[in-house]
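J.: Show me the folded form of this:
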Amino acid sequence: MQSMVSTRWTDMPRVRVNTATMLYQSLREAIVSNALPPETRLSEAETAQRFGVSRQPVREAFIALAANGLVDVRAQRGTFVTRISLDAVMDARFVREAIEADIVKLLAANPDPAVIDDLHRQLAQQAKLIGGSPNDFIEADETFHRTLAEAAGKSSAWHVIVDMKAQMDRVRVLSTRHFSVERLINQHSALVSAIQAGDVARAEAAIRAHLQGILADLPVITQECPDYFT
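T.: Numbering: from 1, shown residues only. Below is the predicted model:
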C-alpha cells in the first residue's frame, strides 16, 4: 500500500509557515496527495517543529482539518489521518457537478475568445504531462477548472467546491495511477470545443460526463486500495 504514496512525509521540504491557515493548506495538500496516507498519526509537537511554528497554529490547523473530515482526533490516542469517506466523495461530486454545469453553460452562452485561447494553451500544457507525474496533472487540472469558474465570474462558487472536495481529490490522486490522463485531457478538449462553439447543451453534457467519470472509477479504486476507504 505504501506504493500508492506519492511522496514520503519525511521527504517533504521544511517550510516556515506563519499562520494556521497556511499550515492547514500544507497539511491538506500532504493528505490529499497521500504523502500522509490514512491512519498516519500526526504529532502536534513534531509538526510544529517541522514547520518552524509554535504549537498553537498547529492545533488550529488540526481543528480545521478535523472539521473537513481529513483527520480524526481520538481521545487518549492522538490525531490520525482519516480514511477516505465514500459518502463525502459522492456528496462533493454531486455539488461540484451542479455548480460546474451552470458555470460552463454561462461560458458557452457567451464565448470569450481570450478565455478560449487560455484554455487551449492549458490543453497544450496538459498534453505535455502525459506519462509524467500524476501530481503535476492534478495541479494543471485544478487550474483548468478554476479558470472556468473565474471566467464565468463565479470565483466564490469555486471556493465552495474547493472546501467540499478534499475527499474527492484524494480519490483523484489514486485514480491517476490507474486511469488514462489522456482520457481526461480529451474530455477537457471536448468541453472547450463546446464552449468555443457556443453550444450550451453540449458544454453541459461534456462537463457532466467528465465529472461523472469517478462513478465508474471508484469501485475499481476501492477494490485495489481498500485500506484507504471507509
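J.: For Ala30, grab the count of nearby residues.
T.: 20 (other C-beta atoms under 10 Å). Using the backbone N, CA and C atoms, a C-beta is placed for each residue, glycine as well.
J.: Which residues belonging to the helix or strand containing it are considered buried?
T.: For Ala30, the host element (DSSP states H and E) is helix 20-32. Residues 20, 22-24, 26-28, 30-32 are the ones in helix 20-32 that count as buried (16 or more other C-beta atoms under 10 Å).
J.: CA atoms of the top helix by length along the chain as PDB?
T.: Ranked by residue count and defined by DSSP state H, the top helix of the chain is helix 86-109. Written as PDB, here are the backbone C-alpha positions of helix 86-109 (Å, rounded to 0.1, in the frame of the first residue of the first chain):
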ATOM      1  CA  LEU A  86     -17.200   7.500   0.300                       C
ATOM      2  CA  ASP A  87     -20.200   9.500   1.400                       C
ATOM      3  CA  ALA A  88     -18.200  12.700   1.300                       C
ATOM      4  CA  VAL A  89     -16.800  11.800  -2.100                       C
ATOM      5  CA  MET A  90     -20.300  11.300  -3.500                       C
ATOM      6  CA  ASP A  91     -21.700  14.500  -1.900                       C
ATOM      7  CA  ALA A  92     -18.800  16.600  -3.300                       C
ATOM      8  CA  ARG A  93     -19.200  15.100  -6.800                       C
ATOM      9  CA  PHE A  94     -22.900  15.900  -6.700                       C
ATOM     10  CA  VAL A  95     -22.400  19.500  -5.600                       C
ATOM     11  CA  ARG A  96     -19.400  20.000  -8.000                       C
ATOM     12  CA  GLU A  97     -21.300  18.700 -11.000                       C
ATOM     13  CA  ALA A  98     -24.300  21.000 -10.300                       C
ATOM     14  CA  ILE A  99     -22.100  24.100  -9.900                       C
ATOM     15  CA  GLU A 100     -19.800  23.500 -12.800                       C
ATOM     16  CA  ALA A 101     -22.600  22.600 -15.100                       C
ATOM     17  CA  ASP A 102     -24.000  26.100 -14.600                       C
ATOM     18  CA  ILE A 103     -20.500  27.600 -15.000                       C
ATOM     19  CA  VAL A 104     -19.900  26.100 -18.400                       C
ATOM     20  CA  LYS A 105     -23.400  27.000 -19.600                       C
ATOM     21  CA  LEU A 106     -22.600  30.600 -18.800                       C
ATOM     22  CA  LEU A 107     -19.400  30.400 -20.700                       C
ATOM     23  CA  ALA A 108     -20.900  28.700 -23.700                       C
ATOM     24  CA  ALA A 109     -23.700  31.200 -23.900                       C
END
